[in-house]
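Trainee: Kindly generate the corresponding structure for this input.
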Amino acid sequence: MKVLPVVIAVLVCAFLLSGCFYAHVTTPLDRNVDKTVLGAKTGKADSQSVLWAVAWGDAGTAAAAKNGGINTVNHMDHELLSVFFGIYTRSTTIVYGD
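Mentor: Numbering: from 1, shown residues only. A predicted model of the protein is given here:
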């Protein structure tokens, strides 16, 4: 019977810490996804940080559009990669358009 409290503690920790060790998610930055037309081109721009002390990069919409050769942005996504409580983080803006 001493195993049950350990199992419950592990499940509670897993629930509370989900995504803390590794998270890689992409989310849309659009409310009307049913009316979204992506376009022929894709551009990406990212920023990164290490140890919560050093950060670099340009994850802006203009940088992503320039990297993809896009003049008209139709849709955008945001991608986040975080490792071990944010010791390493990469934030990427993805734009679609023509």
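Trainee: Distance of Gly97 relative to Lys41?
Mentor: 6 Å (CB to CB, to the nearest Å). (Glycine included, C-beta is placed from N, CA and C.)
Trainee: shared neighbours of these two, anything?
Mentor: Common neighbours of Gly97 and Lys41, using CB atoms under 8 Å, 6 or more residues apart in numbering, are Gly68, Ile70.
Trainee: Please say which of these two ends up with more neighbours.
Mentor: Gly97 (21 against 18; other CB atoms under 10 Å).
Trainee: residues contacting the more buried one?
Mentor: Contact analysis of Gly97 by CB under 8 Å, 6+ apart lists Leu38, Gly39, Lys41, Gly43, Ala65, Gly68, Ile70, Asn71, Thr72, Val73, Asn74, His75.
Trainee: nearest to Ala53, of those residues?
Mentor: Nearest to Ala53 among those, counting by CB to CB, is Gly43 at 28.8 Å.
Trainee: State the distance from the nearest residue to the closest one once chain neighbours are set aside to Ala62.
Mentor: Counting by CB to CB, 6 or more residues apart in numbering, Gly43 lies nearest to Gly68, which is 2.1 Å off, once chain neighbours are set aside. As judged by CB to CB, Gly68 and Ala62 stand 11 Å apart.
Trainee: Those two: which is more packed in?
Mentor: Applying other CB under 10 Å to Gly68 and Ala62 shows that Gly68 carries more neighbours, namely 20 against 14.
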